[in-house]
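**Student:** Turn this into a model:
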Amino acid sequence: MVLEDYCVYVKRTTRGIMFLTLYVDDILLARNNLKMIYATKQWLSSVFEMKDMGEPRYVLCVEIVRNHPKKLLGMCQEAFIKRVLEPFINALK
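**Tutor:** Modelled structure (predicted):
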């Protein structure tokens, strides 16, 4: 567990690293070893009623940007920032 945030859990093994984030009833898994994800999802679904929603596009108003060929993962808050600033921009018009 990351000491600064009790909703982020980290699993490190010789095979890889995986992050599990928890927010209310949503779980987000990120890893560098696909087998770890499958094993974790299999265990979680044996203990809890759950469904796999696939790869997320947004989490908490943050867009998740992926580049699978380059193995890159990024985050973008452009849509959230635009939504926050829109009332102020409209007020200036």
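
**Student:** how about the nearest residue to the one residue sitting closest to the centre of the chain, chain neighbours excluded?
**Tutor:** Taking C-alpha atoms, centre = their mean, the centroid of the chain lies closest to Leu28, which sits 4.4 Å from it. Distances taken as C-beta to C-beta, 6 or more residues apart in numbering place Thr21 nearest to Leu28, at 4.5 Å, with adjacent residues excluded. Just so you know, the C-beta spots here come from the backbone N, C-alpha and C atoms, and that holds for glycine as well.

**Student:** repeat for Lys11
**Tutor:** Nearest residue to Lys11 in three dimensions, chain neighbours excluded: Met18, at 4.7 Å (C-beta to C-beta, 6+ apart).

**Student:** what secondary structure does the one you found sit in?
**Tutor:** Taking DSSP: H, G, I helix; E, B strand; the rest coil as the rule, one finds Met18 in the strand state.

**Student:** Also the one 4 residues further on?
**Tutor:** Under the three-state scheme (three-state DSSP), Leu22 adopts strand.

**Student:** Just list whatever residues bridge to it.
**Tutor:** Leu22 has these beta-bridge partners by DSSP bridges: Ile27.

**Student:** Hmm, it is touching Leu29, no?
**Tutor:** No - if you go by C-beta atoms under 8 Å, Leu22 and Leu29 don't touch, sitting 10.3 Å apart.

**Student:** Could you check which of those two is surrounded by more residues?
**Tutor:** Neighbours were tallied for Leu22 and for Leu29 using other C-beta atoms under 10 Å; the higher tally belongs to Leu29 (17 against 13).
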